[in-house]
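S.K.: could you work out the structure for the sequence below:
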Amino acid sequence: MTVSDVEALSPQALVKAHLERLPEPAKVDPAKEAEQIVHIKALLKKHNAAIVAHYYTDPVIQALAEQTGGCVSDSLEMARFGKTHNAQTLIVAGVKFMGETAKILTPEKRVLMPTLEATCSLDLGCPAQEFSDFCDQHPDRTVVVYANTSAAVKARADWVVTSSIAKEVVAHLDSLGQKILWAPDKHLGAYVQRETGADVLCWDGACIVHEEFKAQGLLDLKALYPDAAILVHPESPQSVVELADVAGSTSQLIQAAATLPNPEFIVATDQGIFYKMQQACPDKTLIIAPTAGSGATCRSCANCPWMAMNTLDAMIEVFDRADNEIFVDPALAKRSMKPLQRMLDFKR
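M.R.: Numbering: from 1, shown residues only. Reported below is the predicted structural model:
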């Protein structure tokens with residue numbers, strides 16, 4: 001299949017085509033891993049660079065970011081950290097939209113990624129032109145897009161939000177009498193609509209990881225661990241969210257694990273979060289929520305296969321490659337910055 005063939009696919013087929021092209025994860029060699037970490041630390045110092053890593057990346061990448069003065073956080077804090085850090089180069093260990101956001105907020109810095117192939121089903125499933133056409137069909141609605149979108153989609157929006165402030169922003173807009181056009185995650189959009197009562201029209205997109213969590217499997221697991229609290233990211237289907245003791249963003253779920261008295265937690269989000277969550281509650285047991293099992297459609301259930309592309313091998317080569325720097329057209333960046341700035345101002 002050629003690049004033009006892939007680009008002509010529907011958003012859902014486009015996601016599937018990208019998944020089929022991903023390599024299988026490599027096996028870990030502990031001795032080699034230790035050597036690579038030493039090497040990467042030296043490279044970061046040499047190039048005055050900092051790693052900005054998402055909670056969903058491999059724990060070894062998160063640990064490396066922490067050990068070298070970088071950041072491990074959600075997408076909003078990743079962007080804010082890069083803006084205030086004194087490093088001249090940011091290594092964004094996450095997916096492409098995170099690198100774009102970092103570049104928009106810090107245009108004066110060099111932004112590299114271990115690989116630009118690391119993308120997101122929500123981003124892939126919301127092509128800019130199709131989304132713009134959808135917005136044109138509903139000119140009476142305020143356009144609110146999730147951070148998990150391209151710079152071009154953000155540029156078409158009135159607001160950008162993360163899952164940590166989505167409810168608050170939509171409730172604010174609803175109080176002003178505004179109707180919402182939401183993209184791209186339909187599950188998160190529906191959750192926000194239920195929580196706020198706002199008039200929300202959703203784009204048809206979903207996260208390949210969170211959509212695989214199943215309510216019946218969650219009930220079966222809860223029967224085995226009756227004292228466990230259920231923590232769910234609202235990108236999950238409604239039937240799963242309704243079983244949650246806490247539904248919230250990655251940072252909110254980590255906070256819940258640290259503060260709730262339960263001895264165990266059943267967690268319905270990417271398993272990469274366990275690294276920071278276990279730090280927050282070292283004496284508690286974390287259990288990954290069940291997915292569709294043999295009927296699952298994701299390549300790596302409970303682990304984003306694109307986040308998994310942020311490997312030590314890729315990090316070793318990050319300064320030598322010519323195809324992994326993030327560039328955003330200045331005019332596009334300027335348009336994208338307006339809804340991003342609204343988000344940052346609202347957060348403050």
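
S.K.: thought residue 122 was touching residue 209?
M.R.: No - at 10.4 Å, residue 122 does not count as touching residue 209 under the criterion of Cβ atoms under 8 Å. Bear in mind the C-beta positions are built from the backbone N, C-alpha and C, glycine included.

S.K.: overlap in contacts of these two?
M.R.: Residues touching both residue 122 and residue 209 (Cβ atoms under 8 Å, 6 or more residues apart in numbering): there are none.

S.K.: got the end-to-end distance for stretch 307-321?
M.R.: 19 Å (Cα to Cα, to the nearest Å).

S.K.: what does that stretch contact?
M.R.: So stretch 307-321 is contacted by 22, 25-26, 33, 36-37, 39-40, 43, 47, 49, 51, 53-54, 56-58, 60-61, 64, 91, 93-95, 112-115, 117-118, 270, 272, 300, 324 (Cβ under 8 Å, 6+ apart).

S.K.: which among those residues count as buried?
M.R.: 36-37, 40, 43, 47, 49, 51, 53-54, 56-58, 60-61, 64, 91, 93-95, 112-115, 117-118, 270, 272, 300, 324 (16 or more other Cβ atoms under 10 Å).

S.K.: now name the helix or strand holding residue 144.
M.R.: Assigning secondary structure by DSSP states H and E places residue 144 in strand 141-146.

S.K.: one more: residue 253?
M.R.: In the assignment (DSSP H and E), residue 253 maps to helix 250-259.

S.K.: how about the strands in the stretch 51-200 of the chain?
M.R.: Assigned by DSSP state E, counting those that start in this stretch, the stretch 51-200 of the chain shows strands spanning 71-73, 89-93, 110-112, 141-146, 159-161, 179-183, 200-202.

S.K.: what's the closest of the ones you listed to residue 241?
M.R.: The minimum distance between residue 241 and those falls on strand 200-202, with 14.6 Å, by Cβ to Cβ.

S.K.: sorry, back to before: looking at the strands of the stretch 51-200 of the chain, which one is packed in the most?
M.R.: Most buried of these by mean neighbour count (mean count of other Cβ atoms under 10 Å) is strand 89-93; its value is a mean of 28.

S.K.: pull that strand out as CSV, backbone CA atoms only.
M.R.: Taking Å, rounded to 0.1, in the frame of the first residue of the first chain, the C-alpha atoms of strand 89-93 are listed here in CSV:
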residue,chain,number,x,y,z
THR,A,89,16.5,21.0,23.1
LEU,A,90,13.4,19.1,24.2
ILE,A,91,13.2,15.3,23.6
VAL,A,92,9.5,14.6,23.6
ALA,A,93,8.9,10.9,24.4
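
S.K.: and it, which strands flank it?
M.R.: In the sheet, strand 89-93 lines up against strand 49-54 (parallel), strand 110-112 (parallel) (DSSP bridges).
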